[in-house]
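> This is a predicted model, with the sequence first.
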Amino acid sequence: MQTFENVWNNVKNVFLQFHWSFVLELILLFLLTYFVAKTLKDNNAKRLIAAYVLPLFAVAVLAMFCDHVTATGFYVFLLVFSFFFLNLFNLEIRKSIWSGLKTRKDSKTMARASKSAESVVRADEAIKSVVKAVQSLSKGNIGALIVLSNGNLPKEIVDSGVRLNSNISNQLIEGIFIPKAPLHDGAMIIYGDKIQAAGCFLPLTKRDFPKDYGTRHRAGIGITEIADVSTIIVSEETGIVSVVKRGVITRYVDSEALNKFLKDYYWKEFRSGVER
């Protein structure tokens, strides 16, 4: 039997001969006892907590005052005693683990679905605004050139205009292309649900086209030949709406066809954003 003086000396030696492994042991012991106690509490076995903690405390006291109970003996007792209690609720523990994994998976799925739903709403709002603006510009024979970018336009083209990074609205689109407005002669660049820039200069196609294809049409075709983008063109002379994709122009596009054209763009743009 150890005396209080011996116990006190042992305690002092712990701090005088301090080592990080001792801290690690304490942390592991605390985590194990906490996990067992929490398991008992979560499974409506609060009365067993005392039956678990009190014997541990008693053995710890014996380890300090009795020569026959070593620290190693205490650790072995703690592990065996703890696993005995955990084994009583092994089914509940497994259910809890699987439930936790399923909850994490469901949370990720819900977050992804929420982000996807938000993207669809943003896309629908952008499509409605662009279609409404193009219809208005077409009726008023106001020329317009809109580039649907995927963020892969050469920097010098974007910088050739004025950066806006504004939310898409039909009023803003129409206002930019009003004749004699500072930016009406250049191209508007839409990237996702933002108007990235306006008044930009685009390279002209080098292919031969009919004479009624003016500079605006040639620029709208030319940019799709050097970059993976699509364009919407409103003729200033006739109000005819055209769309261009990969150098191929489609004329006389009505609102329904334009809506489908924009949906194809936004489906790819926002779908890639959700996957990222």
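Received the coordinates, thanks. Numbering: from 1, shown residues only.
> Show me the shaky parts of the stretch 101-250 of the chain.
101-117 (pLDDT under 70).
> Just the strands from it, written as ranges.
Using DSSP state E, counting those that start in this stretch, the strands of the stretch 101-250 of the chain run over residues 144-149, 162-167, 187-191, 194-200, 230-234, 241-245, 248-250.
> Let's have these in CSV, adding mean neighbour count.
Where C-beta positions appear, they are placed from N, C-alpha and C, glycine not excepted. Formatted as CSV, these follow (neighbours: other Cβ atoms under 10 Å):
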stretch, mean neighbour count
strand 144-149, 25
strand 162-167, 13
strand 187-191, 25
strand 194-200, 22
strand 230-234, 26
strand 241-245, 22
strand 248-250, 13
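> Any chance of TSV for those strands, columns distance to residue 80?
Shown next, in TSV, are these (distance: least, Cβ to Cβ, whole Å):
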stretch	distance to residue 80
strand 144-149	66
strand 162-167	65
strand 187-191	64
strand 194-200	64
strand 230-234	70
strand 241-245	72
strand 248-250	77
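> Residue 215 is nearest to which of those strands?
strand 144-149 (9.4 Å; Cβ to Cβ).
> counting contacts, what elements does the closest one pack onto?
In terms of contacts (3 or more Cβ pairs under 8 Å, 6 or more residues apart in numbering; DSSP states H and E), strand 144-149 is packed against helix 90-139, strand 187-191, helix 215-226, strand 230-234.
> partner strands of that strand, parallel or antiparallel?
Next to strand 144-149 in the sheet, as set by DSSP bridges, lie strand 187-191 (parallel), strand 230-234 (antiparallel).
> Distance to residue 177 added to those, as a markdown table?
As requested, the strands paired with strand 144-149 are arranged in a markdown table below (distance: least, Cβ to Cβ, whole Å):
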| stretch | distance to residue 177 |
| --- | --- |
| strand 187-191 | 8 |
| strand 230-234 | 8 |
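> Great, nothing more from me.
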